[in-house]
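Enquirer: coordinates only, sequence not included:
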C-alpha cells in the first residue's frame, strides 16, 4: 500500500502518504480532515471501477487562487480580438493515510485551526487602530508643512508684485447726467 489513485474534481491523482497536492476547491476549513472515497487503485489492487472499502484521508492545508491564466482569442484579418483572465480556486491537501478494508481515519482534525482563528481575530483590531491614528495625524501634518508656492523665475515674481501695486481699488460706476441738467 505505498500509493493510491484517487478521483476528485473530475481528475485523477496518484498519491502516497505525506504527499502535498493541489486539487479543485473543497468546501472545508483549513485544518479539517477530508476523505476521498473514490479510490481507483491501491498498490497492486485495481478497482472495477472503484476499490471497495478503500479510503484516502487528507488534511486541508489551505484554499487559494492560482496564478492568472490569460485567454486570448483572435480571428485573422477581421480585426477581432478578445482577452480574458481566470483564476481557479485550488485547495492544498496533505495526504495522511491510505486505508483499506473499510477502516476509518485515525487522525482527528488539527487543533491548529482554533489557534489561527484566535490570531486572526486579534490582528484586524490592531490594524484598524493604526489606520485611524494615521488618518487623524496625516491631514494636520500636510496643512502645517505645506510651503508657499514659489514662482518659477524672478521676473515672474517681480511682475506679480508690480501688477498688485498698480491696480487701484474698484471705483463705483459713474452716474450719467442728462445734458439738460448740466446747462
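Expert: Looks like it arrived, so ask away. Fair warning: this is a prediction, and the values are worked out from it, not measured in the lab. Numbers count the residues shown, from 1 in each chain.
Enquirer: pLDDT score for residue 105?
Expert: On pLDDT, residue 105 comes in at 86.
Enquirer: What's the separation between the closest residue to it other than its chain neighbours and residue 73?
Expert: Closest residue to residue 105 apart from its sequence neighbours, by Cβ to Cβ, 6 or more residues apart in numbering: residue 57 at 3.7 Å. Quick note: C-beta positions are derived from backbone N, CA and C, even for glycine. Going from residue 57 to residue 73 by Cβ to Cβ, to the nearest Å gives 42 Å.
Enquirer: Of these two, which one has the most company?
Expert: Applying other Cβ atoms under 10 Å to residue 57 and residue 73 shows that residue 57 carries more neighbours, namely 20 against 9.
Enquirer: could you say what helices and strands the helix or strand containing that one packs with?
Expert: Element membership for residue 57 (DSSP states H and E) is strand 55-65. Under the contact criterion of 3 or more Cβ pairs under 8 Å, 6 or more residues apart in numbering; DSSP states H and E, strand 55-65 touches strand 33-36, strand 89-99.
Enquirer: strands paired with the longest one, and their directions?
Expert: Okay, so that is strand 89-99. Partner strands and pairing direction for strand 89-99 (DSSP bridges) are strand 20-24 (antiparallel), strand 55-65 (antiparallel).
Enquirer: So which of the ones you listed is the most surrounded?
Expert: Comparing those by mean neighbour count (mean count of other Cβ atoms under 10 Å), strand 55-65 ranks first with a mean of 19.
Enquirer: ok so, going back, columns mean pLDDT and distance to residue 96 on top of the strands paired with strand 89-99, output as CSV?
Expert: Formatted as CSV, these follow (pLDDT from 0 to 100; distance: least, Cβ to Cβ, whole Å):
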stretch, mean pLDDT, distance to residue 96
strand 20-24, 97, 11
strand 55-65, 96, 5
